[in-house]
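Q: Okay, here's the prediction I keep looking at, along with the sequence it came from:
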Amino acid sequence: MSHRNGYTLLLLPDGGGKTRRLRLRGSRVRFLYGIGLVVCLLGVGFLVSWWYLAAQAYEATALRAEVEELRSERLQVGLLAQQLSEVEEEYERLRGMLGAGGSGSPEGGPALPASFGALDDGGAGGDADDGRPTAWPLTEPGFITQPLIEGPEEDHPGLDIAMPTGSYIRAAGPGRVKEVGDDPVYGRFVLLEHSEGYQTLYGHASVLVVEPGDQVRRREVIALTGSTGQSTAPHLHFEVRQNGEPVDPLTLVAPP
């Protein structure tokens, strides 16, 4: 019930008990209504603020993850830049050793160290006057992964010697550079002519430092190892021929 100056609430108990009346003044009702409205508005404001803060927190977490990813990428870029700088320094050092031309023989020859004795000694199975290819064709022993094989089903006319890219390839004996080139099978190669009808071939090189017609000494650097041509890993393919026929290199050359 409503009155002019207020409201009356009738309280009817279950079971037929005595009816009670609660009279509220209009000012009190309006006050309670205002309080309720304020509480509702505060609740809505709280929910809106909570949603906004939750969204900001999620965005901050995403930004933090993105920053960490960018830091990781920047670190990787820094490491790559350092590695690139080291590679460029090594490349320039190598160019300085071999000369600016790269594939040709530098004026005066490359200033490279001797290996397994003096350049002109006879090597295994020879002496200083022996022009046969009897010296090991690398600075290091290497590892023979494939020997010479002759047969109707399989043919491998030389040695495959595993070595890291950039290792020195040396002339097995004194002679003349007959041919250099780039073959589909042998990749970059050098072919030398020696005494007594011998020839030696050095394949899969990465860099050649001699040209046709050059005279080379025993153990002189003629190329650098690589993996050009039909090759699955860096190595030297070393062939010895006599009068055009393949000869097992291990009959002339003893690994160090």
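A: The structure has been received and is ready for your questions. Numbers count the residues shown, from 1 in each chain.
Q: can you give me the helices for this protein?
A: Using DSSP state H, the helices assigned to the chain run over residues 26-98.
Q: Would you list the strands that the longest strand along it pairs with, along with their directions?
A: Secondary structure assigned by DSSP state E gives strand 198-208 as the longest strand of the chain. In the sheet, strand 198-208 lines up against strand 187-193 (antiparallel), strand 221-225 (antiparallel), strand 235-242 (antiparallel) (DSSP bridges).
Q: what angle sits between the second one and helix 26-98?
A: Strand 221-225 runs at 160 degrees relative to helix 26-98, counting by axes from the mean of the first three to the mean of the last three Cα atoms, to 10 degrees.
Q: Other residues contacting strand 221-225?
A: Among residues not part of strand 221-225, those counted as contacts by Cβ atoms under 8 Å, 6 or more residues apart in numbering are 110, 112, 138, 163-171, 177, 188, 190, 192, 202, 204-210, 216, 234-236. Where you see a C-beta, it was placed from the backbone N, CA and C, and this is true even at glycine.
Q: from the residues you listed, which would you call buried?
A: 110, 112, 138, 163, 165, 167-171, 177, 188, 190, 192, 202, 204-210, 216, 234-236 (16 or more other Cβ atoms under 10 Å).
Q: Tell me the spacing between the residue nearest to Gly229 when sequence neighbours are not counted and Leu70.
A: In space, and not counting its chain neighbours, Gly229 is closest to Gly187: 2.7 Å by Cβ to Cβ, 6 or more residues apart in numbering. Separation of Gly187 from Leu70 (Cβ to Cβ, to the nearest Å): 42 Å.
Q: which residues does Leu201 contact?
A: Residues in contact with Leu201 (Cβ under 8 Å, 6+ apart) are 158, 186, 189-192, 237-239, 241.
Q: can you list the residues you listed in a markdown table and add distance to Val39 and pLDDT?
A: Output for these, formatted as a markdown table (distance: Cβ to Cβ, whole Å; pLDDT from 0 to 100):
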| residue | distance to Val39 | pLDDT |
| --- | --- | --- |
| Gly158 | 95 | 84 |
| Tyr186 | 91 | 92 |
| Phe189 | 92 | 96 |
| Val190 | 94 | 97 |
| Leu191 | 98 | 97 |
| Leu192 | 100 | 97 |
| His237 | 90 | 94 |
| Phe238 | 94 | 95 |
| Glu239 | 97 | 94 |
| Arg241 | 103 | 93 |
